[in-house]
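Peer 1: Sequence and computational prediction follow.
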Amino acid sequence: MKDWSITPDKKPEWPLGGDGEKIAPAFLERKCGSRFDLDMEIGLLAAYGIPVVCSYPNGGEFSELILGYPVSGADLYVPETLLEDARNILSCDLAEEEPEAVRPPDEPEKEDGDV
């Protein structure tokens, strides 16, 4: 019953190296903006099994407490073995495709010479 919730907070565990020690963190990026933007990126990486650690530079923890978001942004760190994967996930460029022209089913196909 202790694991039950409406929105489970299952975070990926930090991976261990061959020697049994945790892999060193590597700087991914500084994320500025709202807390929502930060949570979206962390959630996206967590969905792919990449753990994230946040650091709030320049008194960011205090500004998050007072204002609700870190004014100076948050530094995101991931395991160095997953750094390239995390960059690829976050740099995904989604392009909208042009929808194909749909002809009505009762309309015959036109030949090249037809108008």
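Peer 2: Yep, it's here.

Peer 1: now residue 24, nearest residue through space, not along the chain?
Peer 2: Leaving aside its sequence neighbours, residue 24 sits nearest to residue 80 (Cβ to Cβ, 6 or more residues apart in numbering; 5.3 Å). Every C-beta, even on glycine, is put in place using the N, C-alpha and C of the backbone.

Peer 1: Neighbours of that neighbour, how many?
Peer 2: By other Cβ atoms under 10 Å, the residues close to residue 80 number 14.

Peer 1: mind starting the numbering at 824 from now?
Peer 2: Okay, residue one is now 824; in that scheme the one you just asked about reads as residue 903.

Peer 1: That one and residue 865, how far apart?
Peer 2: 18 Å (Cβ to Cβ, to the nearest Å).

Peer 1: Likewise for residue 879?
Peer 2: Distance, residue 879 to residue 865, using Cβ to Cβ: 13 Å.

Peer 1: which residues of the protein fall in strands?
Peer 2: For the chain, the strands defined by DSSP state E cover 848-854, 876-878, 897-902.

Peer 1: What helices and strands are in contact with the shortest one?
Peer 2: Here strand 876-878 is seen to pack against strand 897-902 when contacts are counted using 3 or more Cβ pairs under 8 Å, 6 or more residues apart in numbering; DSSP states H and E.

Peer 1: Show me what the strand it packs on is packed up against.
Peer 2: Checking 3+ Cβ pairs under 8 Å, 6+ apart, strand 897-902 ends up next to strand 848-854, helix 858-870, strand 876-878.

Peer 1: just to revisit the earlier point, closest to residue 929 out of the strands of the chain?
Peer 2: Evaluated with Cβ to Cβ, the strands of the chain place strand 848-854 nearest to residue 929, the distance being 53.2 Å.

Peer 1: Give me the sheet partners of that closest one and which way each runs.
Peer 2: According to DSSP bridges, strand 848-854 forms sheet pairs with strand 897-902 (antiparallel).

Peer 1: Can you give the contact residues for the strand it pairs with?
Peer 2: With Cβ atoms under 8 Å, 6 or more residues apart in numbering as the test, strand 897-902 has contacts from 837-838, 845-854, 861, 864-865, 868, 873-880, 883, 909.
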